[in-house]
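S.K.: sequence first, then the predicted structure:
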2 protein chains.
Amino acid sequence: MSGRIAHRGLRSKVVSAAQAAAHIRPGDNVGMSGFTGAGHPKAVPRALADMLSEHRARGEDFRIGVWTGASTAPELDGALAEADGIELRLPYQSDPVSRAKINAGTMEYIDVHLSHVAQMAWEGFLGRLDVALVEVAGITEEGDLVPSTSVGNNKTWIDLADKVILEVNTRQPLELDGMHDIYYGTALPPNRRPLMITRPDDRIGVPHFACPPDKVVAIVETDAPDRHTLFKPIDEDSRAIAGHLIDFLELEVKAGRMPADLLPLQSGVGNIANAVLAGLGDTRHRGLTAYTEVLQDGMLDLLESGTLRFASATAFSLSPAGAAHFNENIGSFQGRVLLRSQEISNHPEVIRRLGVIATNGMIEADIYGNINSTHVMGSAIQNGIGGSGDFARNAYVSAFVTPSTAKGGALSCIVPMVSHVDHTEHDVGVVITEQGLADLRGLAPRRRAQRIIDQCAHPDYRPMLQDYFDRAVSGAWGRQTPHLLGEALSWHTRFMETGTMRLP
Amino acid sequence: MSGRIAHRGLRSKVVSAAQAAAHIRPGDNVGMSGFTGAGHPKAVPRALADMLSEHRARGEDFRIGVWTGASTAPELDGALAEADGIELRLPYQSDPVSRAKINAGTMEYIDVHLSHVAQMAWEGFLGRLDVALVEVAGITEEGDLVPSTSVGNNKTWIDLADKVILEVNTRQPLELDGMHDIYYGTALPPNRRPLMITRPDDRIGVPHFACPPDKVVAIVETDAPDRHTLFKPIDEDSRAIAGHLIDFLELEVKAGRMPADLLPLQSGVGNIANAVLAGLGDTRHRGLTAYTEVLQDGMLDLLESGTLRFASATAFSLSPAGAAHFNENIGSFQGRVLLRSQEISNHPEVIRRLGVIATNGMIEADIYGNINSTHVMGSAIQNGIGGSGDFARNAYVSAFVTPSTAKGGALSCIVPMVSHVDHTEHDVGVVITEQGLADLRGLAPRRRAQRIIDQCAHPDYRPMLQDYFDRAVSGAWGRQTPHLLGEALSWHTRFMETGTMRLP
């Protein structure tokens, strides 16, 4: 035994992954840990997938509902989807096998704002939660649980589920202890209270999850890494996008619309986000803060360089090298990072109060600044909305970023009308591509359109967008937001028919 | 002089409406009072319109930016739009002359979440505010201002503007004094603090606006009524919609998903809203609360009957009879209604904390539950988003209501794809028409679609929607949210071409 389980009564509950999985019944809803590949259970999901497959082989249907924090890893989402074991998945996923099953229509997927998941579960809107399956870094003598590399919805899953299965992962450094802030003050209305966070480093909770030991039905010991994603080297487009954003922030400071030491940063996941963070490291800024969802390599670099003073999030999402570096230098991050429940990291109340500068990726934007974050050709899910809606609606400045084209130029990421809307014109302040930055704040729709066409569209598509817009202004049903509905989505249909949005 | 101006220094500033209007310069941004036809300035806007027209006759361009709380009245929006005097209007309007100018492309209009307006002004995103033009019920000896029948953004306009013009309207009852809660604790980040409202009746501010007397450049005395809108008698569709909503609330209580005395109510403006309120009056409920934007006749009825214990809003919006009744019985409403700044009445933080039950009207919904609240045929503005987004995103339950058809059945209000999105699938819990109620919570998109088609669509359009949906499921690019983009908006183009969404 690993020595990570200090509570004597709970030591007796250590079993194999297969024995733990056997506590899960057909039709159960299982709340699992895991957020952007960090802190998900490593062993039981695969054992569960094997069990499901055996049932299937005997002709018995065995599927479950899988609720998580956000994306997990192949050994969870991949294995269970492969086994056709997921009836319903929420709230965010990025697994290719899952995605294929969802888009084939054989797996249901509910795409929820990440800040809404816990409250929807408490409110009873999602049905009953049967089992919590949560990775922890250890168990204290008192039976409290030391969180792992993500917090996500774990507090809620443990509180709500009838049965709790724990994975104690010795690969997670014990020095994580103290880096979490688990808030136990949430309630259902009419009993909700203000969240007393006024700075990113404010602590309002406790370092551990509370869990009555008799709810724990099984404990599995693991020694396995998180899903560490290799980041690509920063490419030219990402560098250009980062440059536009940083120039914009400098201008905002000069214009007196932003404090000299900026405001707490939020940044989506991925290469552009890392480029923005790298770009910030080259500025004069020191002592900034982040109030965000995920700590990527770029955030840790900024913490080490002093550009960032403090970062609050709900999870890590590191590369293999980033994780190794973090684990080796974990002491230097203590007191400078804090992981919170995702209902707090993404809470509208806190995001609006702090005045977060939000930067999120997207699939496409339309000329009026509506954003599609989730659906390819309006129908196929890519990943999910994640926290982008929580941040975009409530941020001080809400920016969306994308290269101006995709698929080698066959797709324009600026289109006449987006094929799916996740963020409306009301919630989008700035659109950035490698071509430039369109500041849309305080502009009526036609001015937004002209600015996006001028600043953000790729030169190959700019004349086509201008032509659409000009004809819409003269021919639409009204001139507030002129659209020609007969061809507003024709760029997408052309792509589906010919493989490119370009004109023949 | 009316005796409503107790401050001696300010008495000397009383002038005619024309003299007051002369303080406004070409290109000025003017922050005006007014919310749903209540508390707007009655005299100066018309004098200003006359002045603009005279300049125009002399060949001089004279246009201004008009910022308000929400909709006003013909003597403000109508007169200024008629004179082509508005360069830019925000954030909500419902005036037919304005609407026509906006849709003709001769007047710019920015449609902003009502809770965002004040902060955007403070943040400097809207440019400079030159003049505040605010109706008040009186001025105290100390020079404080007794608010009128709406609060809206008045506190912000008075604080931000270089010059303040006041209209003191003796038609507004002095007994309004004490019915307002003006919060002076807002700030720009990083200095924002929690809003300490945990019940609809919590007071966190003061009863009057503060205004340095030397900022006041002119005072005009008026004696004129608000725009009181005649409500139509409750029709059968509205009654049916109200019935579905009330049945739903009862079921939620029985299922334990809502407290027995419900949660604070929010309700949009209009006949359906009044029908819902009337319907609530026929239930067993007593002692409910409202945390809403506007107090309509229906709310006052419920306060009088005891169904409502307390109502918080930012404005009244009464019929002529309702206003007369209110003024005659104003004493009985004291201590039971409170008008707040719209940034507080619509604040995401408070709405989410209180767990508001939100019911808002719409133009159309699509089969997946995306909502168009603002644009006819995706291009022409109807009114604006108002507070629907503030409430829908943050409510405990977010319902949208509409009759299933419009224009004598030529329009289906349930369509394959909405022509404009104001509220995404992520933010819409319940859709209601006279046909029935679709509870979409916890459902993946294809299930949402089937439920909306089954429960909400008009029988004349149901087979067409089912046909579209079935073909989309089999033929779309992906099955998460199946759409046939080549015909998703064809119902709208058919209407524009033939005058009906029906098939020939």
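M.R.: Arrived safely, thanks for sending. Residues are numbered from 1 along each chain as shown, chains lettered A, B, ... in the order given.
S.K.: helix, strand, or coil at the residue of the stretch 51-200 of chain A found nearest chain B?
M.R.: The nearest approach of the stretch 51-200 of chain A to chain B comes at residue A:189, 2.5 Å away (CB to the nearest CB). From N, CA and C alone the C-beta is placed, and that goes for glycine too. Under the three-state scheme (DSSP: H, G, I helix; E, B strand; the rest coil), the conformation of residue A:189 reads as coil.
S.K.: now the one 3 residues further on
M.R.: Classification of residue A:192 using three-state DSSP returns coil.
S.K.: grab the nearest non-local neighbour of it.
M.R.: Sequence neighbours aside, residue B:353 is the residue nearest to residue A:192 in space, at 4.4 Å (criterion: CB to CB, 6 or more residues apart in numbering or on different chains).
S.K.: mean confidence for the stretch of helix or strand the one you found belongs to?
M.R.: Applying DSSP states H and E as the criterion places residue B:353 in helix B:348-354. Predicted confidence along helix B:348-354 averages 98 (mean pLDDT).
S.K.: returning to what we had before: tell me the contacts of the residue of the stretch 51-200 of chain A closest to chain B?
M.R.: Taking CB atoms under 8 Å, 6 or more residues apart in numbering or on different chains as the contact definition, residue A:189 lies against B:259, B:263, B:353, B:354, B:355, B:396.
S.K.: mind putting those in JSON lines, distance to residue B:498 and neighbour count included?
M.R.: What follows is these, written out as JSON lines (distance: CB to CB, whole Å; neighbours: other CB atoms under 10 Å in any protein chain shown):
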{"residue": "B:259", "distance to residue B:498": "49", "neighbour count": "14"}
{"residue": "B:263", "distance to residue B:498": "45", "neighbour count": "23"}
{"residue": "B:353", "distance to residue B:498": "49", "neighbour count": "25"}
{"residue": "B:354", "distance to residue B:498": "46", "neighbour count": "25"}
{"residue": "B:355", "distance to residue B:498": "45", "neighbour count": "24"}
{"residue": "B:396", "distance to residue B:498": "42", "neighbour count": "24"}
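S.K.: from those, which is closest to chain A?
M.R.: Comparing the contacts of residue A:189 against chain A with CB to the nearest CB places residue B:355 closest, at 2.5 Å.
S.K.: got the phi/psi numbers for that closest one?
M.R.: Backbone torsions for residue B:355, taken as degrees, to the nearest 10, come to phi 70, psi 50.
S.K.: the helix holding residue B:353 - contacts with which helices or strands?
M.R.: Using 3 or more CB pairs under 8 Å, 6 or more residues apart in numbering or on different chains; DSSP states H and E as the contact criterion, the neighbours of helix B:348-354 among helices and strands are helix A:348-354, strand B:288-291, helix B:388-394.
S.K.: hmm, the second one touching chain A?
M.R.: No. No part of strand B:288-291 sits near chain A under the criterion CB under 8 Å from any CB of the partner chain; the closest distance found is 8.9 Å.
S.K.: which strands or helices does the helix or strand following that strand pack on?
M.R.: Proceeding C-terminally, strand B:288-291 gives way to strand B:294-295 as the next helix or strand, assigned by DSSP H and E. Packing contacts for strand B:294-295, counted by 3+ CB pairs under 8 Å, 6+ apart, involve strand B:308-313, strand B:315-316.
S.K.: is it true that residue A:331 lies in a helix?
M.R.: Yes. Secondary structure assignment places residue A:331 in a helix (three-state DSSP).
S.K.: past the lengthiest strand in chain A, which element shows up next along the chain?
M.R.: For chain A, the longest strand by residue count, based on DSSP state E, is strand A:131-139. Once strand A:131-139 ends, the next helix or strand along the chain (criterion: DSSP H and E) is strand A:145-147.
S.K.: which residues are contacting that following strand?
M.R.: The list of residues contacting strand A:145-147 from outside it, by CB under 8 Å, 6+ apart, reads A:39, A:134, A:136-140, A:154, A:158, A:166, A:174, A:176-177, A:180, A:182, A:207-211, A:339.
S.K.: show me where the stretch 1-150 of chain A has helices.
M.R.: Secondary structure of the stretch 1-150 of chain A by DSSP state H, counting those that start in this stretch: the helices cover A:8-11, A:17-21, A:44-57, A:79-82, A:96-104, A:117-123.
S.K.: switch those over to a markdown table; also include distance to residue B:277.
M.R.: Formatted as a markdown table, those follow (distance: least, CB to CB, whole Å):
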| stretch | distance to residue B:277 |
| --- | --- |
| helix A:8-11 | 54 |
| helix A:17-21 | 52 |
| helix A:44-57 | 50 |
| helix A:79-82 | 47 |
| helix A:96-104 | 41 |
| helix A:117-123 | 24 |
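S.K.: a markdown table please, covering these and showing mean pLDDT, distance to residue A:317 and mean neighbour count.
M.R.: Listed next are the helices of the stretch 1-150 of chain A as a markdown table, based on pLDDT from 0 to 100; distance: least, CB to CB, whole Å; neighbours: other CB atoms under 10 Å in any protein chain shown:
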| stretch | mean pLDDT | distance to residue A:317 | mean neighbour count |
| --- | --- | --- | --- |
| helix A:8-11 | 97 | 29 | 14 |
| helix A:17-21 | 98 | 25 | 20 |
| helix A:44-57 | 97 | 19 | 20 |
| helix A:79-82 | 97 | 20 | 23 |
| helix A:96-104 | 98 | 17 | 19 |
| helix A:117-123 | 97 | 18 | 22 |
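S.K.: and the contacts of the host helix or strand of residue A:472?
M.R.: Secondary structure assignment for residue A:472, by DSSP H and E: helix A:462-475. Contacts of helix A:462-475 with the rest of the structure, by CB under 8 Å, 6+ apart, involve A:367, A:412, A:414, A:416, A:446, A:449-450, A:453-454, A:457, A:479, A:482-484, A:487, A:503, B:105, B:379.
S.K.: ok, now stretch A:49-62?
M.R.: For stretch A:49-62, contacts defined as CB under 8 Å, 6+ apart pick out A:18, A:21-22, A:24, A:26, A:63-64, A:79-80, A:82-85.
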